[in-house]
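> everything below, folded, please.
(2 chains)
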Amino acid sequence: MKYLCLVYSNEQLLHDSPDSPRDEECFAYAESVRNSGRMLAAEALQPVETATTVRMRGGKLSITDGPFAETKEQLAGFYLVDARDLNEAIQIAGKIPAARVGSVEVRPVRQLDV
Amino acid sequence: MDAADELHELLTALYRDESRRVLATLIRLLGDFDLAEEALHEAFRVAMEQWPRDGVPANPRAWLVSAGRFKAIDGLRRQARFEPLDAQLADSIAARDQPPWDGDSVENDRLRLIFTCCHPALAADAQVALTLREICDLSTEDIARAFLTSPSTVAQRIVRAKAKIRDARIPYEVPGRGELAERLESVLQVIYLVFNEGYFASSGDALTRSHLSSEAIRLGRLLLDLLPEPEVMGLLALMLLHEARRPARTSASGEPVLLDEQDRSLWSAELIAEGDILVLQALRSRRFGAYALQAAIAAVHAEAPNAAATDWAQIVGLYDALLRISPSPVIELNRAVALAMRDGPAAGLALIEALLERGELVDYHLAHAAQADLYRRLGRSGEARAAYRRALHLARQGPDRQFLQRRLDQLADG
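Residues are numbered from 1 along each chain as shown, chains lettered A, B, ... in the order given. All right, here's what the predicted structure looks like:
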């Protein structure tokens, strides 16, 4: 059985509270899960200001700044892709079949500072 | 004038004519907006120091690009003591591109800058702010004044946009054939928004607004120069044909003067002539879109000596074509007004009543104002008064309200 663990957090709290994890700690934990043989993929994300939301309606690609914020819809899956730049990522995201009925939020992965 | 004055004048002119081109190339070479802006200013500073001594270089633009790039690499290497990553960055910049810097690639840099500033992954207000700052070289204060916001808000929008370009890796490139149409739409939208802000907004002083519209026209010309697509011609034509009416569209007291009441001798024949040529060119391409059609409508108005002599049949036909490309209730309303001119007020009124019944335009004051005007022309004063009152209730801008109030007063007198 595969499980997807999604990390939600107030971005301010994530880095600025006394209990905030440091990148070293995140890296070390990911490493330990990797060593246990149970890691498939894990990445930290850039802050939400870097998000772009992509939709395909009637064959026309729509691109908007910002995260996906509609609460009526639920997270239905994910793609982790390696693209040359945001334009290529948008083209890939726009062709995900579910983009025709839902929305795909494109977020760049953040390199941990270790 | 002595040599120092002459050089100062040359540098000022160079800054005005070439700084945006130099900046566009530096962003490509350095891969970062802030680094490129700093490098641009360093390059001009060094020129001011060296040119009096060494003379003006044969190709000042290429010299400025080289100097800026060199200064940026030098600065990064110096900081490398504190910021080890900067050394890597400096090496990769130094390895990436070599002179000479001219030809196609440099010409395309301005187009790259336009497409990057107007990238749809940036917020709409950030696209506008970034375009006016980076391509038009307007200060954040000027932009803030034009959009009735604070300079710090504008500065923040620009900072965020640059951070997103960097962190989400928005590429510095002209989109390929497959994406070009969609991406061009977003560029044209930014330019038209800047124009409209300068043309229709009733707030802000007249000087700031007309400056904004001329910046939009300048952007349109630049884009046409770099990318002669039919819709670019269409948008530029549309802006020119509207701009031509500017002297006639406000009365001495600041009230808007409707198209059919404008003194057409005040319209700029020069702008109309330029707009006409572009409309024809765009329509002949057979690949035109909504901008070219709107420009064609403006061109039909421009060629009529007065409202009654306007070729309304042609205008209705153009609205029909426009509705097929981009259906919208506001365009339907405009078509109904044109149809009233062609077939009489009763025919137009029937369309407007049906439109209002559909509910989409019930909060749009111009729909009620148009309805009121047709009632008035049919002599149905009571219904006209009621419609003007509804329009007045919905209108927000001062001059529109003054105009509607005046019409109401006239009906009361009559």
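> got the residues of chain A near chain B?
A:46-47, A:49-52, A:60-61, A:63-66, A:84-87, A:90-91, A:106, A:108 (Cβ under 8 Å from any Cβ of the partner chain). Where you see a C-beta, it was placed from the backbone N, CA and C, and this is true even at glycine.
> hmm, 6 Å instead?
Chain A has residues A:Gln46, A:Thr50, A:Thr52, A:Ile63, A:Asp65, A:Asp85, A:Leu86, A:Asn87, A:Pro108 near chain B, with proximity defined as Cβ under 6 Å from any Cβ of the partner chain.
> what about burial for those, which qualify?
The neighbour count (16 or more other Cβ atoms under 10 Å in any protein chain shown) marks A:Gln46, A:Thr50, A:Thr52, A:Ile63, A:Asp65, A:Leu86, A:Asn87, A:Pro108 as buried among the residues of chain A next to chain B.
> okay, strands next: where are they in chain A?
Remark: strands assigned in chain A by DSSP state E are A:44-45, A:52-57, A:60-65, A:104-106, A:109-110.
> sheet partners, orientation included, of the third one?
Going back to what we said before, that points to strand A:60-65. Strand A:60-65 pairs in its sheet with strand A:52-57 (antiparallel), by DSSP bridges.
> any idea which helix or strand carries B:Arg396?
Assigned by DSSP states H and E, B:Arg396 belongs to no helix or strand.
> just after the strand or helix carrying B:Arg324, pick out the following helix or strand.
For B:Arg324, the host element (DSSP H and E) is helix B:312-325. Next along the chain after helix B:312-325, taking DSSP H and E as the criterion, comes helix B:329-343.
> pLDDT at B:Gln98, what is it?
B:Gln98 carries a pLDDT score of 67 in this model.
> point out where the chain drops to low pLDDT.
I'll assume chain A. Within chain A, no range satisfies pLDDT under 70.
> hmm, I had chain B in mind actually
For chain B, the stretches with pLDDT under 70 are B:1, B:97-103, B:201-204, B:413-414.
> list the buried residues of the longest helix that it contains.
In chain B, assigned by DSSP state H, the helix with the most residues is helix B:3-30. For helix B:3-30, the neighbour count (16+ other Cβ under 10 Å) marks B:7, B:11, B:14-15, B:19-30 as buried.
> what packs against that helix?
Here helix B:3-30 touches helix B:33-54, helix B:60-79, helix B:104-117, going by 3 or more Cβ pairs under 6 Å, 6 or more residues apart in numbering or on different chains; DSSP states H and E.
> okay, buried residues for the shortest one please.
Okay, so that is helix B:104-117. For helix B:104-117, the buried set under the neighbour-count rule, 16+ other Cβ under 10 Å, comprises B:Val106, B:Asn108, B:Asp109, B:Arg110, B:Leu111, B:Arg112, B:Leu113, B:Ile114, B:Phe115, B:Thr116, B:Cys117.
> give me the phi and psi for B:Ser152.
With angles defined as degrees, to the nearest 10, B:Ser152 sits at phi -70, psi -30.
> tell me the one of the buried residues of helix B:104-117 nearest A:Val114?
B:Thr116 (31.2 Å; Cβ to Cβ).
> now do the lengthiest helix in chain A: everything it contacts.
For chain A, the helix with the greatest residue count under DSSP H is helix A:23-35. Here helix A:23-35 makes contact (Cβ atoms under 6 Å, 6 or more residues apart in numbering or on different chains) with A:Met39, A:Ala42, A:Leu112, A:Asp113, A:Val114.
> which of those residues sit farthest apart?
So, the contacts of helix A:23-35 by Cβ to Cβ: farthest apart are A:Met39 and A:Asp113, at 20.1 Å.
> out of these two, which sits in the busier spot?
Just comparing A:Met39 and A:Asp113: by other Cβ atoms under 10 Å in any protein chain shown the higher neighbour count belongs to A:Met39, 12 against 9.
> distance of the residue nearest to that one when sequence neighbours are not counted from A:Ala42?
Leaving aside its chain neighbours, A:Met39 sits nearest to A:Val33 (4.6 Å; criterion: Cβ to Cβ, 6 or more residues apart in numbering or on different chains). Counting by Cβ to Cβ, to the nearest Å, the gap from A:Val33 to A:Ala42 is 7 Å.
> now B:Tyr192
Distance of B:Tyr192 to A:Ala42, given as Cβ to Cβ: 44 Å.
> cool, and B:Ala67?
B:Ala67 is 45 Å from A:Ala42, by Cβ to Cβ.
> those two - which one has more neighbours?
Neighbour comparison, B:Ala67 and A:Ala42: the larger count goes to B:Ala67, with 21 against 16 (by other Cβ under 10 Å).
> pull the number of nearby residues for the nearest residue to B:Leu223 once chain neighbours are set aside.
Excluding its sequence neighbours, the residue lying closest to B:Leu223 (Cβ to Cβ, 6+ apart) is B:Val232, at 5.3 Å. Residues within reach of B:Val232, counting by other Cβ under 10 Å, total 25.
> for B:Val232, give its distance to chain A.
The gap separating B:Val232 from chain A is 20 Å, by Cβ to the nearest Cβ, to the nearest Å.
> any idea which element that residue lies in?
Mapping B:Val232 onto the secondary structure by DSSP H and E places it in helix B:230-243.
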